[in-house]
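Engineer: let's see this in three dimensions:
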Amino acid sequence: MTDSRGRQRRRLTATVTDLERPRQKALLVGVASGGESLTETERSLSELALLVDTAGADPVDSELVRRDVIDPALFIGSGKARELADLARASDIDAVVFDNELTPAQQRNLQQIFECDVVDREALILDIFAQHATSRTGAIQVELALLRYNLPRLRGKGVSLSQQTGGIGARRGPGETKLETDRRRIEQRITRLERDLKDLNRTRATQAKERTRAGLPVVSLVGYANAGKSTLLNHLTGAGVLTEDRLFSTLDSTVRKYRLPSGQTILLSDTVGFVRKLPHRLVEAFRSTLDQVKEATLLLHLVDASDPDPERQLEAVRSVLAEIEAADVPELIIFNKIDRAESTVLQRLANLHPEGIAISALTGEGISELAGALSDQLERDYSSVTLVIPYERGDLVAAAHQAGEVAVEKHDDFGTTLEVRLPRRSLAAFAEFQVR
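Structural biologist: Residues are numbered from 1 along each chain as shown. Predicted coordinates:
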């Protein structure tokens, strides 16, 4: 892309990474509207700066805009847009990043005024995901999200193509023909990727069933991006997962066995981190990966105790857990990075969450207490029961094997008798057949 000043550009939004070019200079724009406070917007802008850095650009300046009503054409209004465009030109800005979601029309209109790339928060996160996806499943999920994001934005590209190319005898403008062709190809690609993802999900489901048959509790590590989940997994299991002091360094889930001091073996699963304003499109694209969280026996919810506002991290993660229907999975709160946190903050967190465990996954401090609390929590979350299930309800026998740990299975004239350890949240489904 070349602007009016003749400078060559590359897009920030997950297309091609040009390693020959220096890091782009980005202007960040946050908009507080409605009931959103300026403090909240400022905190979100600070996080946006970290996201921009992770994407490979330098956040050189930021602007906070207050609007009572969002402008449907330019989001921030024409006057403010031209004011910031002057600032961008004076600072030699390569990309303007909005900490909000822009409509395709708003993005096109703003790009014409700024004369450089205009990126919203969703595109920025998609860019980061595209850079960090390494497994086939992760790459497919990211590409799906990118295609769904770009599909409604083809209109502007089609118009520019119609102005650049010509043709003889075409019933419609060449740009319109190109637009329809691009749209059809994207839709076909989406269909193909969805089919591939279903195949991979079947394989993942088979692996999950095998783990279930092994009778091992699955404990999922969840938390805000860069809360230290991969570092903790590495410390406990020696998994060797990549760890960086950046957001979204891990996208692909990793499962490893871990033996608790009590002797019980569990499966620890690392997952993608969450952020505030996590695009719904990404949640949907990564639904198959996040479903592992919903199916877990227990969640280890890591919170970065050194963050300026760890409570907001906790709330943001719980919001995503609710969106993926995992809010009812038992959780154990872990306050990580205590080696970096202020003592007053740690005390306040202990008062607010007396059940929480304070650790440093980096130094190992508090890990033994975590292991003990994990054993206790798993014991509390399970209950040993005896079930007598009629033969015509073989589905419940299968469900008991899937949900719990079957120690004894016997068959007699009354049906199938199971001695099984079940998660307490699953007991209601078997209450009718439980032997008192």
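Engineer: in terms of secondary structure, what does the strand or helix carrying residue 372 contact?
Structural biologist: Using DSSP states H and E, residue 372 maps to helix 367-381. Contacts defined by 3 or more C-beta pairs under 8 Å, 6 or more residues apart in numbering; DSSP states H and E place helix 367-381 against strand 298-304, strand 331-336, strand 357-358. Every residue, glycine included, has its C-beta placed from N, CA and C.
Engineer: report the buried residues of the first one.
Structural biologist: Neighbour counts over strand 298-304 (16 or more other C-beta atoms under 10 Å) mark 298, 299, 300, 301, 302, 303, 304 as buried.
Engineer: may I see those residues organised as CSV, with distance to residue 350 and pLDDT added?
Structural biologist: Shown next, in CSV, are the buried residues of strand 298-304 (distance: C-beta to C-beta, whole Å; pLDDT from 0 to 100):
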residue, distance to residue 350, pLDDT
298, 21, 92
299, 20, 94
300, 18, 95
301, 16, 96
302, 16, 96
303, 12, 96
304, 16, 96
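Engineer: before we move on, the earlier item: so for the helix or strand following the helix holding residue 372, mean pLDDT?
Structural biologist: Note on helix 367-381: by DSSP H and E, the next helix or strand toward the C-terminus is strand 382-389. The average pLDDT within strand 382-389 is 90.
Engineer: now stretch 362-379
Structural biologist: Rounded mean pLDDT across stretch 362-379 is 92.
Engineer: how about that stretch: buried residues?
Structural biologist: Buried residues in stretch 362-379 (16+ other C-beta under 10 Å): 362, 366, 367, 370, 371, 373, 374, 375, 377, 378.
Engineer: hmm, back to that, got the angle between the helix holding residue 372 and strand 298-304?
Structural biologist: Angle, helix 367-381 to strand 298-304, by axes from the mean of the first three to the mean of the last three C-alpha atoms, to 10 degrees: 140 degrees.
Engineer: that older thread, considering the buried residues of stretch 362-379, which is situated nearest to residue 145?
Structural biologist: Minimum distance to residue 145 across the buried residues of stretch 362-379 is 31.6 Å, recorded for residue 362 (C-beta to C-beta).
Engineer: for the closest one, what are phi and psi?
Structural biologist: Note on residue 362: backbone dihedrals following degrees, to the nearest 10 are phi -80, psi -50.
Engineer: for it, which residues are in contact?
Structural biologist: 228, 231, 235, 337, 339 (C-beta atoms under 8 Å, 6 or more residues apart in numbering).
Engineer: of those - the most surrounded one?
Structural biologist: Within the contacts of residue 362, neighbour counts (other C-beta atoms under 10 Å) peak at residue 228, which reaches 27 neighbours.
Engineer: what about the closest residue to it other than its chain neighbours, how many residues nearby?
Structural biologist: The spatially closest residue to residue 228, leaving aside those adjacent along the chain, is residue 336, at 4.3 Å (C-beta to C-beta, 6 or more residues apart in numbering). Here the number of neighbours of residue 336 (other C-beta under 10 Å) works out to 29.
Engineer: mind listing the residues bridging to residue 336?
Structural biologist: Assessed by DSSP bridges, residue 336 has beta-bridge partners residue 304.
Engineer: that one contacts residue 302, correct?
Structural biologist: Yes - if you go by C-beta atoms under 8 Å, residue 336 and residue 302 touch, sitting 5.0 Å apart.
Engineer: residue 261 belongs to a strand?
Structural biologist: No - counting by DSSP: H, G, I helix; E, B strand; the rest coil, residue 261 is located in no strand; its state is coil.
Engineer: just want the phi and psi numbers for it.
Structural biologist: The phi/psi pair for residue 261 (degrees, to the nearest 10) reads phi -60, psi -30.
Engineer: look up how far residue 334 lies from it.
Structural biologist: 17 Å (C-beta to C-beta, to the nearest Å).
Engineer: can I assume residue 404 is in contact with residue 423?
Structural biologist: Yes - counting by C-beta under 8 Å, residue 404 touches residue 423, with 6.7 Å between them.
Engineer: ok, the two, which is more surrounded?
Structural biologist: Between residue 404 and residue 423, counted using other C-beta under 10 Å, residue 404 has the larger neighbour count: 25 against 19.
Engineer: got the contact list for residue 190?
Structural biologist: With the criterion set at C-beta under 8 Å, 6+ apart, residue 190 makes contact with 144, 147, 148, 151.
Engineer: please redo it, this time with the cut-off set to 7 Å
Structural biologist: Listed by C-beta atoms under 7 Å, 6 or more residues apart in numbering, the contact set of residue 190 reads 144, 147, 148.
Engineer: most surrounded residue in those?
Structural biologist: Of these, with other C-beta under 10 Å as the count, residue 144 tops at 21 neighbours.
Engineer: what phi and what psi does the backbone show at that one?
Structural biologist: phi -60, psi -50.
Engineer: likewise for residue 295?
Structural biologist: phi -90, psi 0.
Engineer: and for it, the neighbour number?
Structural biologist: Residue 295 has 16 nearby residues by other C-beta under 10 Å.
Engineer: residue 43 too?
Structural biologist: Residue 43 has 16 nearby residues by other C-beta under 10 Å.
Engineer: any idea how far residue 26 is from it?
Structural biologist: Distance from residue 43 to residue 26, by C-beta to C-beta: 18 Å.
Engineer: again, but for residue 279
Structural biologist: Taking C-beta to C-beta, one finds residue 279 at 19 Å from residue 26.
Engineer: now residue 232
Structural biologist: From residue 232 to residue 26 the distance is 32 Å (C-beta to C-beta).
Engineer: any regions of this structure where pLDDT drops low?
Structural biologist: Under the criterion pLDDT under 70, the flagged ranges of the chain are 1-22, 155-177, 205-215, 239-252, 288.
Engineer: domain parsing for it?
Structural biologist: Using automatic domain parsing, the domain parsing of the chain gives 24-132, 136-199, 215-380, 382-433.
Engineer: distance of residue 235 relative to residue 377?
Structural biologist: For residue 235, the distance to residue 377 - C-beta to C-beta - is 19 Å.
Engineer: got it, and residue 428?
Structural biologist: With C-beta to C-beta as the criterion, residue 428 and residue 377 are 20 Å apart.
Engineer: same thing with residue 190?
Structural biologist: Plainly put, residue 190 is 41 Å away from residue 377 if you go by C-beta to C-beta.
Engineer: work out the gap between stretch 330-350 and the centre of the chain.
Structural biologist: 22 Å (C-alpha atoms, centre = their mean, to the nearest Å).
Engineer: can you give me the buried ones in it?
Structural biologist: Of the residues in stretch 330-350, those buried (16+ other C-beta under 10 Å) are 331, 332, 333, 334, 335, 336, 337, 338, 341, 345, 346, 349.
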